[in-house]
Every structure is written in structure tokens, then in C-alpha cells.
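[1] mind folding the following:
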Amino acid sequence: MSAELIPKAMIALLPVIVLIVVLYRLDSHRLLGTHFILRMFLMGGVIAVVCSFVNAFAIDSLGLEFSRYSRYLAPLIEETLKASVLVYLFRTHRIGFLIDAGILGFTIGAGFSFVENLFYLHMAHDAHYGVWAVRGFGTAIMHGGATALFAIIAEAMTERHLKLNPLLYVPGLIVAFLVHSIFNHFPVSPILSTAVTLLILP
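    Coordinates of the predicted model:
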């Protein structure tokens, strides 16, 4: 890694890592082990790799222009796949409290954005520092925040239901999709999108 790329990588990759640590420290019960958090982070990265293939296949198959795809279909696919991991955790009783749901949701989204930003660092390493600030403080926080919102809403709606009702996961998925889609609707003003993300999602 070149000396010039190191600060860009830190800007693009560190913000979500710091937020995961902060959220973990805020949980006074510490019911989630460090290794479990790390596995969920890695799972988010695996989902990012899967989505890269799914998105490429969908764009080629459907013939949609990239801007329209990124505003509507990509958010739906990515948020659904991220949410699927959380649904599994809910059904296997690995999530018991709202704070746990929020931490795990953000961690999965952070892992997703971490791998996604690694890809962009490789493909566009000569991009301006502003690009990495937007990706690190905007796109990455959006991914973590959207998945955390799904997790919190899903936990709130399913905690008193012993039987599986898939419809109870739909409101959280809609919110995650809307956050992601709205963020992707402002490519001409990424700084504004980043600022709004930092103000609202935390």
C-alpha cells in the first residue's frame, strides 16, 4: 500500500470500526462476546461479496441504467440479504435486547461497507480525499445505520411473538430500504447526503 493510500484507507475504513467499539462499550451488560461481534462483521463482508455478484448479474439481465438500479433495486437486494442474517439470529434466540439488536445490525452493515470500501480503494485508489470522506462517514455509516434500524424495529415487533410471522420483519426492512434508497438518490450532492446521515442515523 502506497504512502498516499494509507490516509485514504483510514478515512474510508476507520469510522465504522470506531462506532462499533463505541456501541459495544455503551452496552453495560456485555452479553455479546467479542468473537461473536467479529463473526458478524465478517458475515457482513461476505454479504458484500455476494451482493457484488448479484448486482452485476441483475444489471446485465434487467438492462437497467445504473442510477436507477442503485436507487431502487440495489438497496432492496442488499438490505434484504443483510437482514436475513439478523432474522436467523432472531429465530435462533441469539438476540434478546434492543441494544444487542442495534449493535449486531450496525456490525453487519459495517462489515458490508468495510469490504465494499476496500473494493473501491482498489479500483479507484487515485480518487480525491473527499470521495473517501463521503464513503467512510456517509456510505459506511448509512449501511451500518440502515441495518441497525432493521434490527431494532424487528426486535421490537417480534420479541413477544413465539411463532414465526415473516410479516413482522417487513416494517424494519421497509425502513432500511428507504434509508438506503434516499441516500442513493443524491449522487450529485454526496457531501449533503453524508451530513444528513451523520446528523440523523446516530
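
[2] which helix runs longest in the protein?
    helix 34-62 (DSSP state H).

[3] may I see the buried residues of it?
    37, 40-41, 43-45, 47-48, 51, 54-55, 58-59 (16 or more other C-beta atoms under 10 Å). Where C-beta positions appear, they are placed from N, C-alpha and C, glycine not excepted.

[4] helix or strand right after that helix?
    With elements assigned by DSSP states H and E, the helix or strand that comes after helix 34-62 is helix 66-68.

[5] how close does residue 87 get to residue 65?
    Computed as C-beta to C-beta, to the nearest Å, the residue 87 to residue 65 distance reads 31 Å.

[6] of those two, which one has the most company?
    Neighbours were tallied for residue 87 and for residue 65 using other C-beta atoms under 10 Å; the higher tally belongs to residue 87 (19 against 8).

[7] contacting residues around that one?
    For residue 87, the contact set (C-beta atoms under 8 Å, 6 or more residues apart in numbering) comprises 154, 169.

[8] buried set for the helix or strand where it lies?
    If you go by DSSP H and E, residue 87 is part of helix 74-91. Using 16+ other C-beta under 10 Å as the test for burial, helix 74-91 gives 74-75, 77-83, 85-87, 89-90.

[9] closest one of those to residue 193?
    residue 75 (13.4 Å; C-beta to C-beta).

[10] per-residue confidence at the closest one?
    Residue 75 carries a pLDDT value of 96.

[11] correct me if wrong: it contacts residue 174.
    No. Using C-beta atoms under 8 Å, residue 75 is not in contact with residue 174; the gap is 10.9 Å.

[12] with adjacent residues omitted, what lies nearest to residue 75?
    Leaving out its chain neighbours, the residue that sits closest to residue 75 by C-beta to C-beta, 6 or more residues apart in numbering is residue 180, at 3.7 Å.

[13] so who does that neighbour touch?
    Residue 180 sits next to 75, 78-79, 142-143, 146 when contact means C-beta under 8 Å, 6+ apart.

[14] secondary structure element for it, which one?
    Counting by DSSP H and E, residue 180 is part of helix 170-184.

[15] could you check how far the residue nearest to residue 75 is from residue 133?
    19 Å.

[16] and for residue 155?
    From residue 155 to residue 133 the distance is 32 Å (C-beta to C-beta).

[17] more neighbours, the two?
    A direct count of neighbours by other C-beta under 10 Å for residue 155 and residue 133 places residue 155 higher, at 23 against 17.
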